[in-house]
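In: Test case, fold it:
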Amino acid sequence: MLEIKKRYYEYLIEYLRKKTEYDAITAPAVMGIEDALLNSLVTQLIEYSRQKLILSYSVQDKTPSFELIIQQINNTRESILEMQGITLPI
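Out: Below is the predicted model:
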């Protein structure tokens, strides 16, 4: 089980560093990882990413609602990475 956790965390970190759309992340619970906070954050990130996609069809990129969802995505992404001991450069 520890090897599965390790590989999942490596996958998640790599995904968050390289991707810009997060609606296809594999949730930790799917891999048997019982971390309530991480599951919640990944679920939020997926949901925000889906909301961004929906908004992108109906509003322009610089509207307050679109900017808010981008900020929520960035904050959630940073929180997940910080849980893994990774801080992003400012």
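In: got the phi/psi numbers for Gly32?
Out: phi 80, psi 10 (degrees, to the nearest 10).
In: ok, now Lys62?
Out: When read as degrees, to the nearest 10, the backbone of Lys62 gives phi -100, psi 10.
In: can you check Asp61 too?
Out: phi -60, psi -30.
In: burial of it, as a residue count?
Out: 9 (other Cβ atoms under 10 Å). No exception for glycine: its C-beta is placed from N, CA and C like everyone else's.
In: Compute the distance between it and Gly85, please.
Out: Counting by Cβ to Cβ, to the nearest Å, the gap from Asp61 to Gly85 is 32 Å.
In: same check, this time on Met1
Out: Taken as Cβ to Cβ, the span from Met1 to Gly85 is 20 Å.
In: low pLDDT regions in this structure?
Out: 87-90 (pLDDT under 70).
In: what helices or strands is the top helix by length along the chain leaning on?
Out: As assigned by DSSP state H, the longest helix anywhere in the chain is helix 36-58. Helices and strands touching helix 36-58, by 3 or more Cβ pairs under 8 Å, 6 or more residues apart in numbering; DSSP states H and E, are helix 64-83.
In: All set, thanks.
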